[in-house]
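>>> Give me a 3D structure for the following:
(2 chains)
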Amino acid sequence: MSGVETVSPTRAADDVRDEAETLDAGPRGTLLARVLRTVLVRATPIVAAIGGLVGIWYLVTYTVLSERRRFLLPPPHEVVGNTLTNSVVMDPMYAALGQSVQVALVGLLIAVVIGMSWAVLMSQARQLEVVLYPYAVILQTIPILALTPLIGIWLGYGFNARVVVCVIIALFPMIANTFFGLQSASADAHDLFTLNRASRLQRLLKLQFPAAVPSIFTGLRQAAGLSVIGAIVGDYFFQQGSPGIGGLLRLYVLRLSMDQLFMAVILTALFGVVVFSVFAALDRAVLGRWYGTGRH
Amino acid sequence: MTTTPAPPGTTTLALSGVTKRFPTGTTALTGVDLAVGPGEFVSVVGPSGCGKSTLLRLASGLEDATAGEVAVSAATTSYVFQDPTLLEWRTALRNVELVNELRGAPRAERRAAAQAALDLVGLTGFEMQHPRQLSGGMRMRVSIARALVAEPDLALFDEPFGALDEITRLRMQTELQRIFELKQFAGLFITHSVSEAVYLSTRVLVMSGRPGRVVEEIEVPWAYPRPPELRYEPEFAALTGRVSAALGEHS
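Numbering: from 1, shown residues only, chains lettered A, B, ... in the order given. Alright, predicted model coming up:
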């Protein structure tokens, strides 16, 4: 059902969650409660993984690097200590992150709307599919880094150009997954609709589209992750207007301010993890409800 | 090839000289004649790949015959697939509602009809369950309820119990027989189980291997309701023996 799925630690997490559900409200809490609970349970292995990364970081800093070269990877507590409490450093970073979040969300929204419409069009006629699908493939195969400078030249170096980078990078999984989902209804189910003389619109709205919901959420999760990358790539190249977190990354590299560079990297990583987790949780919560089961 | 309404009264479904060839060159059926009237339950048995399912697809209008005539005089035809073919995101009730929903019936009306159909197949209390929460037998009951909700004159069954376990299967046969006795539609039932065919039907048609044609027609004399123990009576064994012999001869 889903493309990317973490395997072993989530099994145990699932069991814990199921237990929790049998104990309290049962499988039908409010959607929000389900999302929150899923986020919480899902977050545990991620937090553990972050802990592991910090451990490796310390190990490299103190055992691999000689003291003279330690500036290449200052230990975590120095990075955090030198940045997190200093509002002169952090305020522009938070503002930039906010800017990037905006770009990513607007880009994702546009990619979702265009991607789903594109897929619906392709699903309606074989000829449309033949005409439209190659564009999706081209979009997917052109490396975004090759295209980005062009976008800058055409659209300027501000917000819009960054959003366009986001849309281009997030569009394909939306198209591909929605299209796959729209075609996932069985031949028998289509026969059932044919026998009952369903109109094209009825078939789309009552069969193809509902059947596509799980795939659409898989696409949404992938597109969300990619739109974060798109926002940061866009920031990195396009420096006009208020800078995004990618813009600051570039600045810190030029200045060789390692503490700030690492803090910015940490923030972008957290940004990505949060977006991925939220959409993964949304995915699970919606599908559980969709099939009337607590899990899927 | 035409699908024309037959004169009312006599037959609900009539196939005469029907041949079906697929574009791939395979001939699925050749020279098939059969007729089913109201209150008749006709089973078709045959070796796998003899075109039994094709027969149903022709009768339902999902496919056109290459030669011959398919005449249907039913106002409503329903079709029960081999797989329950339920929409997984809909509850049992909403699955049964679908048929009348596609026909544009008002909500209250179609909901009441769906409820009645679920009651008829013994699923009272399971209206709000989704297919994944139901057992295989219950899913098939929902599927049958969906077929009955439109009050069909002609009901087509494509090996609906083939995937069920033996116990569920026998129970479903009894249920279907009860429903048929009540509704008196014209039934055409595909199966590969000789015992199922004899137990359910007023008439059993035996088909040959590909290309399929009807090679033998055997009347089943017993009145409904038939008790489940009938299956262990000598005359039941004699009849299933005749059907099996016919099958053996022609496959």
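>>> Tell me the residues of chain B that contact chain A?
B:60-62, B:77-79, B:81-83, B:85, B:87-91, B:98-99, B:101-103, B:129-130, B:132-133 (Cβ under 8 Å from any Cβ of the partner chain). Where C-beta positions appear, they are placed from N, C-alpha and C, glycine not excepted.
>>> which stretch of helix or strand covers the residue nearest the centre of chain A?
Centrality entry for chain A: nearest residue to the mean C-alpha point is A:Gly225, 2.0 Å, by Cα atoms, centre = their mean. Per DSSP states H and E: A:Gly225 is located in helix A:209-237.
>>> Could you do A:Val253 as well?
Judged by DSSP H and E, A:Val253 forms part of helix A:245-255.
>>> what angle sits between that helix and helix A:209-237?
Relative orientation of helix A:245-255 versus helix A:209-237 (axes from the mean of the first three to the mean of the last three Cα atoms, to 10 degrees): 30 degrees.
>>> Helix A:245-255: what's the following helix or strand?
helix A:258-290.
>>> Who's the closest spatial neighbour of the residue nearest to the centre of chain A, skipping the chain neighbours?
When the adjacent residues along the chain are set aside, A:Gly225 lies closest to A:Phe276, with 5.3 Å between them (Cβ to Cβ, 6 or more residues apart in numbering or on different chains).
>>> now do B:Glu88
Nearest to B:Glu88 is B:Pro131, by Cβ to Cβ, 6+ apart, at 5.2 Å.
>>> Give me the pLDDT for that neighbour.
Here the pLDDT value assigned to B:Pro131 is 93.
>>> Enumerate the residues of the stretch 51-200 of chain A near chain B.
A:186, A:188-189, A:191-198.
>>> Dump those to CSV, plus secondary structure, pLDDT and distance to B:Arg203.
What follows is those, written out as CSV (DSSP: H, G, I helix; E, B strand; the rest coil; pLDDT from 0 to 100; distance: Cβ to Cβ, whole Å):
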residue, secondary structure, pLDDT, distance to B:Arg203
A:Ser186, coil, 94, 31
A:Asp188, helix, 94, 27
A:Ala189, helix, 95, 31
A:Asp191, helix, 94, 26
A:Leu192, helix, 95, 27
A:Phe193, helix, 95, 31
A:Thr194, helix, 94, 29
A:Leu195, helix, 92, 24
A:Asn196, coil, 91, 28
A:Arg197, coil, 91, 30
A:Ala198, coil, 93, 33
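>>> Counting neighbours, which of the residues you listed end up buried?
Neighbour-count burial (16 or more other Cβ atoms under 10 Å in any protein chain shown) applied to these gives A:189, A:191-193, A:195-196, A:198.
>>> give me every residue that touches A:Ala231.
Residues in contact with A:Ala231 (Cβ atoms under 8 Å, 6 or more residues apart in numbering or on different chains) are A:100-101, A:103-104, A:107, A:162, A:165-166, A:244, A:246.
>>> Who wins on neighbours among those?
The most crowded member of those, judged by other Cβ atoms under 10 Å in any protein chain shown, is A:Arg162 (35 neighbours).
>>> Report pLDDT for it.
91.
>>> Same question for A:Met1.
Taking A:Met1 on its own, its pLDDT is 39.
>>> returning to that earlier point: can you redo the buried ones among the residues of the stretch 51-200 of chain A next to chain B as TSV with distance to A:Asp283?
Shown next, in TSV, are these (distance: Cβ to Cβ, whole Å):
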residue	distance to A:Asp283
A:Ala189	23
A:Asp191	30
A:Leu192	28
A:Phe193	27
A:Leu195	33
A:Asn196	32
A:Ala198	29
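>>> what about the helices in chain B?
Ranges of helices in chain B, per DSSP state H, are B:52-60, B:92-102, B:107-120, B:136-148, B:166-183, B:194-200, B:234-250.
>>> wait, which of those is closest to A:Thr38?
In terms of Cβ to Cβ, the element of those nearest to A:Thr38 is helix B:92-102, at 25.8 Å.
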